[in-house]
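Asks: Provided below for reference: sequence and predicted model.
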Amino acid sequence: MPTPASPQRRIGVLLVNLGTPDSPQTPDVRRYLNEFLTDGRVIDMPAAVRYPLFQGLVVPLRAPKSAKIYQQLWTERGSPLLYHGLDLQKAVQAQLGKDYVVAFGMRYQNPSIEKALEELRDAAVDRIIVLPLFPQYAAASTGSVQEKVMDIVSKWWVVPSISFISTFTDDPAFIGTFVTLGKEEMAKHKYDHVVFSYHGIPERHVLKGSQKNYCKLGSCCNSYNKNNRYCYRAQCFETSRLLAAGLGLAPEQYTTTFQSRLQSRLRDPWLQPYTDEVLKELPAKGILNVLAYSPAFVADCLETTIEVGTEFKELFEEAGGKHWQLVPSLNSHPQWVDGVAAMIQRN
Ligand SMILES: C=CC1=C(C)c2cc3[nH]c(cc4nc(cc5[nH]c(cc1n2)c(C)c5CCC(=O)O)C(CCC(=O)O)=C4C)c(C)c3C=C
Ligand SMILES: [Fe+2]
Ligand SMILES: [Fe+2]
């Protein structure tokens, strides 16, 4: 008797980014910030303090100010973080072909991770590979996506086989595409210095993630090794080193900095040096032409286009700098699409 053909076994891929408001209007921004800033992995305070402090005070004050910035960022296609994510999903799906089903979700707001996982379940995939789109692991970004995904699938009757790509700080395609993009800018203008500005996190977050107290926020992070594989600071330094090597930069030709600290009355220190403080000092050192990278992101968003591309440019020029240029993010660059597909296939 002929054996029945085995059902087609497809692999589900879930690409996840952080999330963005549904519109740049204050009520939608408020809803987004309420979800984001009450996540215990982002604001690691007891829930009894976090909810009243952030929902009751911080978010109502911040939402109208953030909404104004989102209005500057918004395009005809909506929020860049969202449309670049959807473009990437489409391109990776085309690259991987019919043996894969690629879905896209956001940790906060829409499209939700829940909906994206349900799409994969409805497609009867054999197993799921989750790729949080954060190159460097942080408990507040990658860790939060992992927790959310596990929360959702653990409640399904049939729990799928699932794996996570937790960090790609040194991935050749991630580095290689940023090198390509940087060289394109360097061909148009002569730069004195390169600034690699990463999203900041509280120092406490790094120390809490340190295995066997290996990390002391000092020279321990200068090499990336088995003891600090998930140390956010060590991963940022590793990304900078690899980008600098690809661009042919000597150590004195680049600086690693950290941006977007949430100003807190508690004044807890965030990773340093702070980008805004470093860039103001550059012109006095004769550095007048700066190429700026935002390598904690793989898609352009508020943090790249507005904070690095616009606000830091203004600060630099006010301090006497002449030329500040942001390298665009990877978005759905063909080299990056190939790299994401390769990462999935290796998994
Ligand atoms: C690299 C990944 C990210 C980490 C780590 C991260 C930590 C982190 N962020 C905040 C507070 C805010 N971040 C905001 C925007 C934002 N953050 C990331 C990524 C990481 N955040 C992205 C991709 C974006 C942009 C989203 C977009 O819509 O374009 C914001 C909102 C904007 C604002 O009001 O300034 C806040 C607030 C904290 C507190 C934190 C770690 C503790
Ligand atoms: Fe953030
Ligand atoms: Fe360290």
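Replies: Cool, got the structure. Ligands and ions are numbered 1, 2, ... in the order given.
Asks: C-alpha only now, for contacts and for neighbours.
Replies: Fine.
Asks: mind listing the strands in the stretch 101-250 of the chain by residue range?
Replies: For the stretch 101-250 of the chain, the strands defined by DSSP state E, counting those that start in this stretch cover 127-132, 161-164, 193-199.
Asks: torsion angles phi and psi at Tyr230?
Replies: Dihedral pair for Tyr230: phi -110, psi 20, per degrees, to the nearest 10.
Asks: returning to that earlier point: mean neighbour count and distance to Val49 added to the strands of the stretch 101-250 of the chain, as a markdown table?
Replies: Below are these laid out as a markdown table (neighbours: other Cα atoms under 10 Å; distance: least, Cα to Cα, whole Å):
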| stretch | mean neighbour count | distance to Val49 |
| --- | --- | --- |
| strand 127-132 | 22 | 28 |
| strand 161-164 | 14 | 31 |
| strand 193-199 | 22 | 25 |
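Asks: okay, those in TSV with distance to Cys231 and mean pLDDT next?
Replies: Output for the strands of the stretch 101-250 of the chain, formatted as TSV (distance: least, Cα to Cα, whole Å; pLDDT from 0 to 100):
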stretch	distance to Cys231	mean pLDDT
strand 127-132	16	98
strand 161-164	17	98
strand 193-199	14	98
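Asks: of those, which approaches Tyr224 most closely?
Replies: Smallest distance to Tyr224 across the strands of the stretch 101-250 of the chain (Cα to Cα): 16.6 Å, for strand 193-199.
Asks: touching the closest one from outside, list them.
Replies: The list of residues contacting strand 193-199 from outside it, by Cα atoms under 8 Å, 6 or more residues apart in numbering, reads 236, 240, 253-261, 275, 287, 289-296, 303.
Asks: and it, which strands flank it?
Replies: Within its sheet, strand 193-199 is paired with strand 254-259 (parallel), strand 289-293 (parallel), according to DSSP bridges.
Asks: and the contacts of strand 193-199, which are buried?
Replies: Among those, the ones that count as buried by 16 or more other Cα atoms under 10 Å are 236, 240, 254-261, 275, 287, 289-296, 303.
Asks: Met43 and Val49: what is the separation?
Replies: Check again: residue 43 is Ile, not Met. 10 Å (Cα to Cα, to the nearest Å).
Asks: would you list the strands of the stretch 101-250 of the chain in JSON lines and tack on distance to ligand 3?
Replies: What follows is the strands of the stretch 101-250 of the chain, written out as JSON lines (distance: least, Cα to the ion, whole Å):
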{"stretch": "strand 127-132", "distance to ligand 3": "23"}
{"stretch": "strand 161-164", "distance to ligand 3": "23"}
{"stretch": "strand 193-199", "distance to ligand 3": "16"}
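Asks: same list (those strands) but as TSV, adding distance to Trp270.
Replies: What follows is those, written out as TSV (distance: least, Cα to Cα, whole Å):
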stretch	distance to Trp270
strand 127-132	23
strand 161-164	27
strand 193-199	10
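Asks: out of these, which comes closest to Tyr70?
Replies: Short answer: strand 193-199, nearest of the strands of the stretch 101-250 of the chain by Cα to Cα, at 17.6 Å.
Asks: quick one, helices of the protein?
Replies: 26-36, 47-50, 59-73, 80-96, 113-122, 142-153, 172-188, 203-208, 232-247, 275-281, 312-318, 334-346 (DSSP state H).
Asks: need these in JSON lines (columns: mean pLDDT and distance to Leu18).
Replies: Formatted as JSON lines, the helices of the chain follow (pLDDT from 0 to 100; distance: least, Cα to Cα, whole Å):
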{"stretch": "helix 26-36", "mean pLDDT": "98", "distance to Leu18": "9"}
{"stretch": "helix 47-50", "mean pLDDT": "96", "distance to Leu18": "20"}
{"stretch": "helix 59-73", "mean pLDDT": "98", "distance to Leu18": "15"}
{"stretch": "helix 80-96", "mean pLDDT": "98", "distance to Leu18": "8"}
{"stretch": "helix 113-122", "mean pLDDT": "98", "distance to Leu18": "10"}
{"stretch": "helix 142-153", "mean pLDDT": "98", "distance to Leu18": "8"}
{"stretch": "helix 172-188", "mean pLDDT": "98", "distance to Leu18": "18"}
{"stretch": "helix 203-208", "mean pLDDT": "94", "distance to Leu18": "18"}
{"stretch": "helix 232-247", "mean pLDDT": "98", "distance to Leu18": "17"}
{"stretch": "helix 275-281", "mean pLDDT": "97", "distance to Leu18": "22"}
{"stretch": "helix 312-318", "mean pLDDT": "98", "distance to Leu18": "22"}
{"stretch": "helix 334-346", "mean pLDDT": "98", "distance to Leu18": "17"}
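Asks: for burial, what's the neighbour tally of Ala133?
Replies: Rather than Ala, residue 133 is Leu. When neighbours are counted by other Cα atoms under 10 Å, Leu133 registers 26.
Asks: likewise for the one 5 residues further on?
Replies: For Ala138, the count of nearby residues is 23 (other Cα under 10 Å).
Asks: ok, now which ones touch it?
Replies: With Cα under 8 Å, 6+ apart, Ala138 has these contacts: Tyr230, Cys231, Tyr232.
Asks: try Val298
Replies: Applying Cα under 8 Å, 6+ apart, the residues contacting Val298 are Leu133, Phe134, Pro135, Ser329, Leu330, Asn331.
Asks: tell me the one among those nearest to ligand 3.
Replies: Pro135 (17.2 Å; Cα to the ion).
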